[in-house]
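Student: quick one: sequence and predicted model below, then my questions.
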Number of protein chains: 2
Amino acid sequence: MNTTTLPEAFAAASYPLSGHGRRNLHVLQEVLDSLDGELASDMYGSGQIIEDFERDMAKYLGKESAVFFPSGTMAQQIALRIWCDRQNNRSVAYHPLCHLEIHEQDGLKELHHIEPILLGTADRLLRIEDVKNIGQPIACLLLELPQREIGGQLPPYEELEAISAYCRQEGIKLHLDGARLPEIIPYYQKSAAEISALFDSVYISFYKGIGGIAGAILAGEQDFTTESKVWKRRHGGDLISLYPYIVSSAFYFKQREPKMAQYYAEAQELATLYNSCHGVNTLPIVPVSNMFHVHIQIPKHELEPLLISFYKETGVALTSYLNEKDNGVCSFEVSTGDRYAGIPQDLLKSAFKRLNEMLELA
Amino acid sequence: MNTTTLPEAFAAASYPLSGHGRRNLHVLQEVLDSLDGELASDMYGSGQIIEDFERDMAKYLGKESAVFFPSGTMAQQIALRIWCDRQNNRSVAYHPLCHLEIHEQDGLKELHHIEPILLGTADRLLRIEDVKNIGQPIACLLLELPQREIGGQLPPYEELEAISAYCRQEGIKLHLDGARLPEIIPYYQKSAAEISALFDSVYISFYKGIGGIAGAILAGEQDFTTESKVWKRRHGGDLISLYPYIVSSAFYFKQREPKMAQYYAEAQELATLYNSCHGVNTLPIVPVSNMFHVHIQIPKHELEPLLISFYKETGVALTSYLNEKDNGVCSFEVSTGDRYAGIPQDLLKSAFKRLNEMLELA
């Protein structure tokens, strides 16, 4: 009897294909070991350690000012609240699978009484036509780049420019959920500042592709970020010390932001390997960042033991979890990171050959 | 010309009388150096690192369950929101100088639309008569022990018991702002669990007397804490990793919670030294925890240069800031901690003798 669970088998494997490494205390120890212990803590949003990083990120994003937040959940609700207050309008619009809609226990509605309009359909990117057809005034449109829940897809850059121009013309504020903004720079071949210039406010995260501990930056004009600090205090996010997140964000940003083109190329290579397997396809087929989703046409109760055997036999691990749809298709998310480059190429190829054999027999 | 500022003079002094030490990165480095780097991060509120600490704190507080929050601001708003929702009543009552009233940018009102009733007057503890005379139904009464903004005063334990009994009889939920709960145990000679048993929900902080980085615990019955986790997610406080705060809270709790009686005795000794000086009195005269306020009958523009000279001459530093009231009386807060025991007794006595001389001449 095989009593190992999928997460256990994933954790025990020598070569997990996704991510930078384990999320353990070593991630923070490495950062702190590199820093002078005499460096003073930030104090309720002030102090060199937070102000320097906020200045660096404002520059990276080409915005006047930036504020560090403990989470993107907090930062984005606050961004939308500010735009709603300024426009005197409680309506915003975003994709049906927006983080605020599906992962935040309705904080936007429960705390801020903002009414979101879901644009387009869950299975595709929202388009400029969707925006033009809203049919009522909205304070703000939120775009997530890449659109994570559909495998990290991106619209053509020209469509982004068109959406931005339309919103400016109509007086709609445009907010960027750029949780994975550094990850999309290699595809668009635009700087973070160039992309951000299309938006009135921008959020980026430091524990996705950057691989930090937690934390987010919200950037925009000075009056916007100043107002966001008041809401940060109200939300309980204006901690006496945010430095554990700040120093790790700065450390891993410096280390990994320059590697996004590498992760992107590796994601394309890895997607090709997945797509070569029987009954497997990636979404998108050709990734546009370091992330994609994998769909396998086998129900969970069959796929799970197959994967556990595969991990044990090859040492290569694909995922620690499976989502199953009603139609018996399983899916999981892949984000390439530091781990991928450490896997011997011949092992990778022989493993996927073996995976294909196992899937053909299933 | 003396161009040193009071904060600079305080920072440069060899013997600051207040606190545990500087808030610098060493505080966190020391904790992480003591831990195994292989220890896994918490993940959105789950995992051994957070669950173990929550269990330990629930036990310490004698409550069924406890939840770790990034901040007390978040934890307490949420506690009051849950009680208001359950009682279907948007009114709560607390002291006029409650943290929620004066330090949180009105988050309770702006995010939760809860209407606080201010009980009693700002310059004294609230009393059971104030509670009995509210004159309208309230969902919840918040008591802060000790009442920080008036020097950390405490009501007699019998009055606490009477307030608790009255609230239970009237169906009013009783919440403890126990930011400094460990600090009051030596005075009451009751355990944290005994004190907490008078309350329906309890919050404690880990960066006051405990001296951690940041973070808070909210404790109560299981259904209450389960509901609080939904609101934690809504507030943006359900971070993927809270462990930097958790491990430091656990580390310094273990180290300093047993020393609260020592800090309390030292605060009494130090208050006696202050009260022996011309034009100086502490609030309370005899401290009931490790904290008290110092009032000096000299206006700020005279007192500030006097203190800077005093710090430079003696190496002993009293405060890094001064609050000035309309009547020209200055005040500051003192919390005794690890630093106090490191100051030679003869130096301390000669310094206060010198301080008295300087104040008599002022």
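Tutor: Here it is on my side, so go on. Numbering: from 1, shown residues only, chains lettered A, B, ... in the order given.
Student: once you drop chain neighbours, what's closest to the residue of the stretch 101-250 of chain A found nearest chain B?
Tutor: Nearest to chain B, among the residues of the stretch 101-250 of chain A, is residue A:236, at 2.7 Å (CB to the nearest CB). For every residue, glycine as well, the C-beta is placed using N, CA and C. Excluding its sequence neighbours, the residue lying closest to residue A:236 (CB to CB, 6 or more residues apart in numbering or on different chains) is residue B:74, at 2.7 Å.
Student: what sits against that neighbour?
Tutor: By CB atoms under 8 Å, 6 or more residues apart in numbering or on different chains, residue B:74 lies in contact with A:235-237, B:216, B:232, B:235, B:237.
Student: hmm, residue A:140 is touching residue A:171, no?
Tutor: No. Using CB atoms under 8 Å, residue A:140 is not in contact with residue A:171; the gap is 10.5 Å.
Student: between the two, which contacts overlap?
Tutor: Jointly contacting residue A:140 and residue A:171 under the rule CB under 8 Å, 6+ apart are residue A:87.
Student: which of these two has more neighbours?
Tutor: Neighbour count, other CB atoms under 10 Å in any protein chain shown: between residue A:140 and residue A:171, residue A:140 has more, with 26 against 11.
Student: ok, the more buried one - contacts?
Tutor: Here residue A:140 is in contact with A:79-80, A:83-84, A:87, A:92-93, A:172-175 (criterion: CB under 8 Å, 6+ apart).
Student: any figure for the gap between the residue nearest to residue A:236 and residue B:142?
Tutor: Here the criterion is CB to CB, to the nearest Å. By it, residue B:74 lies 15 Å from residue B:142.
Student: likewise for residue A:204?
Tutor: In terms of CB to CB, residue A:204 sits 37 Å off from residue B:142.
Student: equivalent analysis for residue A:127, please.
Tutor: Applying CB to CB, the value for residue A:127 to residue B:142 is 50 Å.
Student: shouldn't the residue of the stretch 101-250 of chain A closest to chain B be in contact with residue B:99?
Tutor: No. Using CB under 8 Å, residue A:236 is not in contact with residue B:99; the gap is 11.1 Å.
Student: for residue A:158, give its distance to residue A:20.
Tutor: Distance, residue A:158 to residue A:20, by CB to CB: 33 Å.
Student: quick revisit: quick check: the farthest pair among the contacts of residue B:74?
Tutor: Farthest pair in the contacts of residue B:74 (CB to CB) is A:235 and B:216. Separation: 14.0 Å.
Student: so what's residue A:65 closest to, chain neighbours aside?
Tutor: residue A:225 (4.0 Å).
Student: so that neighbour touches residue A:231, yeah?
Tutor: No. Applying CB under 8 Å, one finds residue A:225 not in contact with residue A:231, separated by 10.7 Å.
Student: what's the helix or strand for residue A:294?
Tutor: In the assignment (DSSP states H and E), residue A:294 maps to strand A:291-296.
Student: now the next helix or strand after that strand: buried residues?
Tutor: Downstream of strand A:291-296, the first helix or strand assigned by DSSP H and E is helix A:300-314. Neighbour-count burial for helix A:300-314 flags A:300, A:303-304, A:306-308, A:310-311, A:314 (criterion: 16 or more other CB atoms under 10 Å in any protein chain shown).
Student: would you list those in a markdown table and tack on distance to chain B and pLDDT?
Tutor: Formatted as a markdown table, the buried residues of helix A:300-314 follow (distance: CB to the nearest CB, whole Å; pLDDT from 0 to 100):
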| residue | distance to chain B | pLDDT |
| --- | --- | --- |
| A:300 | 21 | 97 |
| A:303 | 23 | 98 |
| A:304 | 20 | 97 |
| A:306 | 26 | 98 |
| A:307 | 21 | 98 |
| A:308 | 20 | 98 |
| A:310 | 24 | 98 |
| A:311 | 19 | 98 |
| A:314 | 24 | 98 |
